[in-house]
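**Q** Just need the structure, nothing else, for what follows:
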Amino acid sequence: MAIDQYKDMEGAQNKRLEALEEILLQQDDFEDQGNGCVENEVDDVHDEDGSIGMVLLSTAVAVCGSFEFGTCVGYSAPTQSAIREDLNLSLSQYSMFGSILTVGAMVGAITSGRITDFVGRKWAMRISACFGIVGWLAIFFSKGAISLDIGRLLTGYGIGVLSYVVPIFIAEIAPKNLRGALTTLNQLIIVTGSCFAFLIGSVVSWRILALFGLLPCVTLLLGLFLVPESPRWLAKIGHQKEFKTALRKLRGKDANISKEVTEIEEYILTLHCLPQANLLDLFQSRYIRCLIIGVGLMVLQQFGGINGIGFYLSETLEEAGLSSGKLGTIAYAIIQVPITVVGALLMDKSGRRPLVMISATGTFLGCFITATGFLLKSHSVLLTWVPVFGVSGLLIYISAFSIGMGAVPWVIMSEIFPINVKGAAGSLVVLVNWSGAWVVSYTFNFLMSWSMSGTFYIFAAFSASTVLFVAKIVPETKGKTLEEIQKSIYP
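**A** Next comes the predicted model:
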């Protein structure tokens, strides 16, 4: 809808939107309080708990896509030296190989919404798995830079789509009492996949590691034959019979699904009444601060250096003076999963703002220590301390990033935008995130050639900027309704 047309209909649309928000807020209050209509709620919980098997199976199949995501991201770190040596790649050629994953993911993320809505959640995951399979095979059979880059680009496109469809699918199939825990599992499995690539890549060749990358793709492709389609998507496209059949499979043949069927149908009907926002609408004064918060967090997350450090970790550790980059890579992988679990547990207890600020402070400290180690090395001072500074700084960095900066910006992004612009806002924020990931991952090796200490001091500066940005601009969203969040953004 054009801006002029939007302004003409603004009053009526706002009334409809306010009515929708009021309904949604009342539903959230009903779910959270657990008071009133006790008998009905007990029946609902009993139904959901008694038929959890298909939901867990469907989630297990879907997070194979999350594992594939992590495997792709972690692939380049333990394989850099071997691939460059075997295929005689220059620094710029390997930088292109490492970073082109994010280009494919950027395209995949942009197209993911339309693909997922057009062909469904299951077919979107099937398409992604096929791109992943072809991509990993191209990497396995590569004899030069071109086929290597094509394979990496294809796997990138696959994970770009998966980064959108997997959490959407899980949220749509899960009962309300399990939705939070199951959607959090997505981020945890991504980290697990990345750690898997780090660990396995330390003991097998880069071609064998590519074959390991095929496993989650094949498992996802086969597993999708065993699980139902998202009932909410089926309801959205008007397939009423299939919608109720899918919901019955997920909740169990003896479950009472009438209430949930009614809620889904009412929600779908309300969505059709909402104004369709586009990217230009996001730059209206009512949304601009939300946009600054969402885009700002993603820019600061990426330019803090996570993808440059993660993609080329092994070489960076060796430059820091560690005798074997693989040992540091293994340590990096081992600490990442438990720290991510701790961050997930703290998110709803400590709040979003404190967690991000503590996390950014930790990434600043890690980058500063690493940069200082490289500075000592460049001046040939205290050389025995260089590996200590380098390894400890990088481990502090990944620990701090995993506890907050990795997941919390995405959570805040999902909370700050009004429901009628979440689709357009999500597309823009994802585009900014992947664009930043490409810039950092492509330029990292060149920056390290320019100045190792300077590179990490730059990352440290962005981390320090994150603390100030969150303190001054980002509101706390923990425990607040949509209306309360909007009031805190526009007091």
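
**Q** ends of stretch 267-284, how far apart?
**A** Using C-alpha to C-alpha, to the nearest Å, the end-to-end distance of stretch 267-284 comes to 26 Å.

**Q** That stretch: how far from the chain's middle?
**A** 24 Å (C-alpha atoms, centre = their mean, to the nearest Å).

**Q** Please renumber the chain so that the first residue is 238 from this point on.
**A** I'll keep to 238 as the first residue from here, and by that count the last item is stretch 504-521.

**Q** Contact partners for the most centrally placed residue in the chain?
**A** In the chain, the residue lying closest to the centroid (C-alpha atoms, centre = their mean) is Ser400, at 5.9 Å. Counting by C-beta atoms under 8 Å, 6 or more residues apart in numbering, Ser400 makes contact with Phe306, Ala342, Gly345, Ala346, Ser349, Val667. (Each C-beta comes from the backbone N, C-alpha and C, glycine too.)

**Q** can you tell me how far it sits from Thr507?
**A** Separation of Ser400 from Thr507 (C-beta to C-beta, to the nearest Å): 27 Å.

**Q** hmm, back to that, could you single out the nearest of the contacts of Ser400 to Arg444?
**A** Proximity of those to Arg444 (C-beta to C-beta) peaks at Phe306, which lies at 21.0 Å.

**Q** That closest one touches Ile396, doesn't it?
**A** Yes: the criterion here is C-beta atoms under 8 Å, and Phe306 meets it with Ile396 at 4.4 Å.

**Q** Kindly state the pLDDT recorded for Tyr727?
**A** Note on Tyr727: pLDDT of 65.

**Q** before we move on, what about Leu294?
**A** pLDDT recorded at Leu294 is 94.

**Q** Centre of the chain to the host helix or strand of it, how far?
**A** According to DSSP states H and E, Leu294 maps onto helix 289-324. Centroid separation for helix 289-324 versus its chain: 13 Å, with C-alpha atoms, centre = their mean.

**Q** Return the set of buried residues in it.
**A** Using 16 or more other C-beta atoms under 10 Å as the test for burial, helix 289-324 gives 289, 291-292, 295-296, 298-317, 320-321, 324.

**Q** if you average pLDDT over the next helix or strand along the chain from it, what comes out?
**A** Sequence-wise, the next helix or strand downstream of helix 289-324 (DSSP H and E) is helix 328-356. The average pLDDT within helix 328-356 is 87.

**Q** quick one, helices of the stretch 588-728 of the chain?
**A** Using DSSP state H, counting those that start in this stretch, the helices assigned to the stretch 588-728 of the chain run over residues 589-615, 623-637, 645-653, 659-687, 689-709, 719-726.

**Q** so which of the ones you listed comes closest to Leu419?
**A** helix 645-653 (15.0 Å).

**Q** so that closest one versus helix 689-709, what angle?
**A** Counting by axes from the mean of the first three to the mean of the last three C-alpha atoms, to 10 degrees, helix 645-653 lies at 30 degrees to helix 689-709.

**Q** Could you list the residues in contact with helix 645-653?
**A** Counting by C-beta under 8 Å, 6+ apart, 527, 530-531, 534-535, 538, 580, 584, 589, 592-593, 596, 659, 662-663, 666, 711-712, 714, 719, 722, 726 sit against helix 645-653.

**Q** what does stretch 600-608 give?
**A** Contacts for stretch 600-608 (C-beta under 8 Å, 6+ apart): 541-542, 557, 626-627, 629-638, 642, 689-694, 696-697, 700-701, 703-704.

**Q** Of the residues you listed, which count as buried by neighbour count?
**A** 541-542, 557, 626-627, 630-638, 642, 689-690, 692-694, 696-697, 700-701, 703-704.

**Q** where does the stretch 438-587 of the chain dip in pLDDT?
**A** Across the stretch 438-587 of the chain, the ranges flagged by pLDDT under 70 are 508, 511-514, 560-563, 565, 585.

**Q** So which residues of it form helices?
**A** Using DSSP H, counting those that start in this stretch, helices in the stretch 438-587 of the chain cover 443-460, 468-473, 477-488, 495-510, 522-540, 543-548, 550-556, 562-587.

**Q** of those helices, which approaches Trp360 most closely?
**A** It is, among those and with distance given as C-beta to C-beta, helix 468-473, at 10.2 Å.

**Q** tell me what that closest one is packed against?
**A** helix 328-356, helix 382-410, helix 477-488, helix 495-510 (3 or more C-beta pairs under 8 Å, 6 or more residues apart in numbering; DSSP states H and E).

**Q** can you list those helices in a markdown table and add distance to Phe654?
**A** A markdown table is the format used below for the helices and strands packed on helix 468-473 (distance: least, C-beta to C-beta, whole Å):
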| stretch | distance to Phe654 |
| --- | --- |
| helix 328-356 | 14 |
| helix 382-410 | 15 |
| helix 477-488 | 27 |
| helix 495-510 | 15 |
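
**Q** Return the most buried member of those.
**A** Using mean count of other C-beta atoms under 10 Å, the stretch among the helices and strands packed on helix 468-473 with the largest mean neighbour count is helix 382-410, at a mean of 24.

**Q** Trp687 - how many residues pack around it?
**A** Residues lying near Trp687 (other C-beta atoms under 10 Å) number 10.

**Q** okay, it: pLDDT?
**A** Reported pLDDT for Trp687: 93.

**Q** One more: Gln264?
**A** Taking Gln264 on its own, its pLDDT is 44.

**Q** got it, and Leu665?
**A** Reported pLDDT for Leu665: 84.

**Q** What residue, apart from its backbone neighbours, is nearest it spatially?
**A** Leu516 (6.0 Å; C-beta to C-beta, 6 or more residues apart in numbering).

**Q** With Leu425 instead?
**A** Here the residue nearest Leu425, using C-beta to C-beta, 6+ apart, is Thr577, at 5.8 Å.

**Q** can you tell me how far Gln477 sits from Leu471?
**A** Remark: distance between Gln477 and Leu471 (C-beta to C-beta) = 8 Å.

**Q** Out of the helices of the stretch 588-728 of the chain, which gets the lowest mean score?
**A** Note on the helices of the stretch 588-728 of the chain: helix 719-726 shows the lowest mean pLDDT, a mean of 68.

**Q** Roughly how far does Leu631 sit from Ala662?
**A** In terms of C-beta to C-beta, Leu631 sits 33 Å off from Ala662.

**Q** repeat for Asp323
**A** In terms of C-beta to C-beta, Asp323 sits 44 Å off from Ala662.

**Q** cool, Val676 as well?
**A** Val676 is 21 Å from Ala662, by C-beta to C-beta.

**Q** Just list the residues touching the nearest residue to Val532 once chain neighbours are set aside, thanks.
**A** Leaving aside its sequence neighbours, Val532 sits nearest to Val669 (C-beta to C-beta, 6+ apart; 5.2 Å). Listed by C-beta under 8 Å, 6+ apart, the contact partners of Val669 are Val532, Met535, Val536.

**Q** And for Val536?
**A** Counted by C-beta under 8 Å, 6+ apart, Val536 has contacts Val669, Gly673.

**Q** To Gln330, which of the helices of the stretch 588-728 of the chain lies closest?
**A** Counting by C-beta to C-beta, and looking across all of the helices of the stretch 588-728 of the chain, nearest comes helix 659-687 at 10.4 Å.
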